[in-house]
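In: When you get a sec, could you give me coordinates for this:
(one chain, ligands or ions: 1)
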Amino acid sequence: MNNNFPENFLWGGAVAANQCEGAYLEDGKGLNLIDVVRHRIKGEIDDKPIEGMYYPSHKAIDFYHRFKGDLALMAEMGFKCFRTSISWGRIFPNGDETEPNEKGLEFYDKLFDEMISLGMQPIVTISHYEMPLYLLDNYGGWRSRKLIDFYTRYCEVIFRRYKGKVKYWITFNEINAIHFNPYGAGGLRIKPDENKMQVIYQASHNTFVASSLAIKLCREIDKEAKIGCMLALSAFYPATCHPDDVFETYELRRRSLYYSDVYMRGYYPNYAKHIWDELSVNIKMEDGDEKVIKKYTCDFLAFSYYKSSTHSYGMPVFGDTGGNTGKPNPYLQSTAWGWQIDPKGLRYVCNELYDRYQKPLFVAENGMGNIDVVEEDGSINDDYRIDYISRHLMALRDAIKDGVDIIGYTYWGPIDIISAGTGEIKKRYGFIHVDMDNDGNGTLKRRKKKSFYWYKKVIESNGENLE
Ligand code: BG6
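Out: Model prediction:
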């Protein structure tokens, strides 16, 4: 078979600071919004940490102290890149200071230096479902325009500091997830009597301006660096071919593409006004906002792809990222967490996005969360994970053959980490097992799974060997 992955394809894996680092108050770090979240799926969010309660982010998998060993394992698999995020609260503990925390900056110096010495390109998300808790409590998160100044100050500091080390930046993780995860993606606590959509769309506007200003800074500071956006863009299908299902699915898909349209094209799409009117949203813009958004668009579009969902007419939910709003797809199987496994959907989405923007794509997340069993001899035979990735990579190869420009693939969770959606660790994605349970008990010992050896071969063969 012909090898269709480009020669310099960025193979790797992706994590996020708040899901792996731990050390939640070490070296001057302030509280992050996730540091007061207990079981995320139950929505248990406190005002401040309560003694005796378990908060998964506090220790996570202790990557902060173990990153050298962990990165060595990634290097053993042959990673060409490693995607992680900077914890904003390590650099600006409250978020509104004028001077950064030197200790926090030093940590990422060490982390990026280590990656580079191991031959891995750092791919860095500036805000991955986090901000200092102080910004949420005192400014209301992204509902406040003041966040634009705090965020761009933070960006300027990290762009200057890591110039030459970081060549790929991502401004926000899954920014469209602000609809189903307003707390994590937007730092928003929405009161029951508020127009939720007004808050979300206004906060989104503030992030658009912030993102464009970050792109401006990045281009001024480091001409070599590339900077992109990142969206949750799993596939979204009509549950039937009934025209009502088809059209409403299309409309709901545009609630996500709204974000990439602004980021990639530099202006609000024609259908935006219709959405705002329908939801009684009135966006407050300042002079110059539209100019900035227009001038500083993204170099590439990164996205996460895990599954596909279906939609039936009349189901009033934000669709493509939040799960099925139609009947389960009878042609697909699901993971233990109900995520429908759909490799061809990845090819579909790659084509959909490339047709629309004609700019390079980056598959920043794709992976399978499952319960893994450690056998008596210590082995972990995760054939289901190998099968999942293998079929998705074949689909990606097909998309490349279709003519789509794809620059990289970072498997989500190459080492077991805390789930963003549920706070569990038993929803494991890793090639590397971490000995820890959902309550944080365990030795944290790292152990290679069968998929570890398999992914190594994939990279070695530049995607030729996918069986
Ligand atoms: C993405 C997020 O939505 O999906 C990650 O960017 C997250 O932070 C990943 O971990 C998988 O979701 P979950 O809920 O299984 O951790």
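In: Give me the distance between residue 273 and residue 282.
Out: 11 Å (Cβ to Cβ, to the nearest Å). In this view, the C-beta of every residue, glycine as well, is placed from N, C-alpha and C.
In: ok, the residue most central in space within the chain - contacts?
Out: Nearest to the mean C-alpha position of the chain, by Cα atoms, centre = their mean, lies residue 173 at 4.1 Å. Listed by Cβ atoms under 8 Å, 6 or more residues apart in numbering, the contact set of residue 173 reads 16, 85, 125, 127, 128, 129, 185, 230.
In: let's see 10 Å
Out: 14, 16, 83, 85, 125-130, 184-185, 229-232, 302, 304, 364-365, 420 (Cβ atoms under 10 Å, 6 or more residues apart in numbering).
In: Which ones among these also lie next to the ligand?
Out: Filtering these for neighbours of the ligand using Cβ under 6 Å from any ligand atom leaves 16, 129, 232, 304, 365, 420.
In: so which of these would you say is closest to the ligand?
Out: For these, the closest approach to the ligand (Cβ to the nearest ligand atom) belongs to residue 420, at 3.4 Å.
In: hey, where'd the strands end up in this protein?
Out: With DSSP state E as the criterion, the chain has strands at 10-14, 81-85, 121-125, 168-170, 226-232, 235-238, 300-304, 308-311, 361-365, 406-412, 432-434, 446-448.
In: follow-up on the earlier one: out of the ones next to the ligand among the contacts of residue 173, flag the one nearest to residue 414.
Out: residue 365 (11.1 Å; Cβ to Cβ).
In: Which residues are in contact with that closest one?
Out: 13-16, 83, 173-174, 230, 232, 234, 302-306, 409-413, 429.
In: can you do 6 Å?
Out: 14, 304, 412 (Cβ atoms under 6 Å, 6 or more residues apart in numbering).
In: which residues does it bridge with?
Out: residue 304 (DSSP bridges).
In: Tell me which residue in the stretch 251-400 of the chain sits closest to the ligand.
Out: Taking Cβ to the nearest ligand atom, the stretch 251-400 of the chain has residue 369 as its residue nearest the ligand, at 4.5 Å.
In: Next one: the nearest residue to that residue once chain neighbours are set aside relative to residue 348, how far apart?
Out: Of all residues beyond its chain neighbours, the one nearest residue 369 is residue 427 (4.0 Å), with distances taken as Cβ to Cβ, 6 or more residues apart in numbering. Applying Cβ to Cβ, the value for residue 427 to residue 348 is 25 Å.
In: what comes up buried for stretch 157-170?
Out: For stretch 157-170, burial by neighbour count (16 or more other Cβ atoms under 10 Å) applies to 157, 158, 159, 161, 162, 165, 166, 167, 168, 169, 170.
In: Equivalent analysis for stretch 46-65, please.
Out: Neighbour-count burial for stretch 46-65 [16+ other Cβ under 10 Å]: 49, 55, 56, 57, 59, 60, 61, 62, 63, 64.
In: Of these, which is the nearest to residue 118?
Out: Nearest to residue 118 among these: residue 63, at 15.0 Å, using Cβ to Cβ.
In: The closest one: what's its closest spatial neighbour, skipping adjacent residues?
Out: residue 20 (3.9 Å).
In: Quickly note the distance from the one you found to residue 464.
Out: Counting by Cβ to Cβ - residue 20 and residue 464 are separated by 30 Å.
In: what do you get for residue 56?
Out: 38 Å.
In: What is the neighbour count of the residue in the chain that the ligand sits nearest to?
Out: Taking Cβ to the nearest ligand atom as the measure, the chain has residue 421 as its residue closest to the ligand, at 2.5 Å. Look at residue 421: counted by other Cβ atoms under 10 Å, it has 13 neighbours.
In: Next up, the contacts around it.
Out: With Cβ under 6 Å, 6+ apart, residue 421 has no contacts at all.
In: likewise residue 418?
Out: 19, 56, 60, 425 are the contacts of residue 418 under Cβ under 6 Å, 6+ apart.
In: swap the cut-off to 8 Å and go again
Out: Applying Cβ under 8 Å, 6+ apart, the residues near residue 418 are 18, 19, 20, 56, 57, 60, 61, 424, 425.
In: near the ligand, which of these show up?
Out: Of those, the ones that also sit near the ligand (Cβ under 6 Å from any ligand atom) are residue 19.
In: Which one's more surrounded, residue 427 and residue 348?
Out: Neighbours were counted for residue 427 and for residue 348 using other Cβ under 10 Å; residue 427 has more, 23 against 18.
In: In this structure that one contacts residue 372, no?
Out: No: if you go by Cβ atoms under 8 Å, residue 427 and residue 372 don't touch, sitting 10.0 Å apart.
In: Write the ChimeraX selection for whichever of the contacts of residue 173 are buried.
Out: In ChimeraX syntax, the buried subset of the contacts of residue 173 is picked out as below (16+ other Cβ under 10 Å):
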select :14,16,83,85,125,126,127,128,129,130,184,185,229,230,231,232,302,304,364,365,420
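In: ok, and the closest non-adjacent residue to residue 142?
Out: residue 203 (3.7 Å).
In: Ignoring the adjacent residues along the chain, who's closest to residue 408?
Out: residue 10 (3.0 Å).
In: shaky segments in the chain?
Out: 1-3, 40-43, 316-323 (pLDDT under 70).
In: what comes up buried for the longest helix belonging to it?
Out: Criterion DSSP state H: the longest helix present in the chain is helix 196-221. Judged by neighbour count (16+ other Cβ under 10 Å), helix 196-221 contains these buried residues: 197-218, 221.
In: now the helices for the stretch 301-450 of the chain?
Out: Remark: helices assigned in the stretch 301-450 of the chain by DSSP state H, counting those that start in this stretch are 343-357, 383-401, 450-460.
In: Adding distance to the ligand, write those helices out as CSV.
Out: Output for the helices of the stretch 301-450 of the chain, formatted as CSV (distance: least, Cβ to the nearest ligand atom, whole Å):
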stretch, distance to the ligand
helix 343-357, 15
helix 383-401, 13
helix 450-460, 16
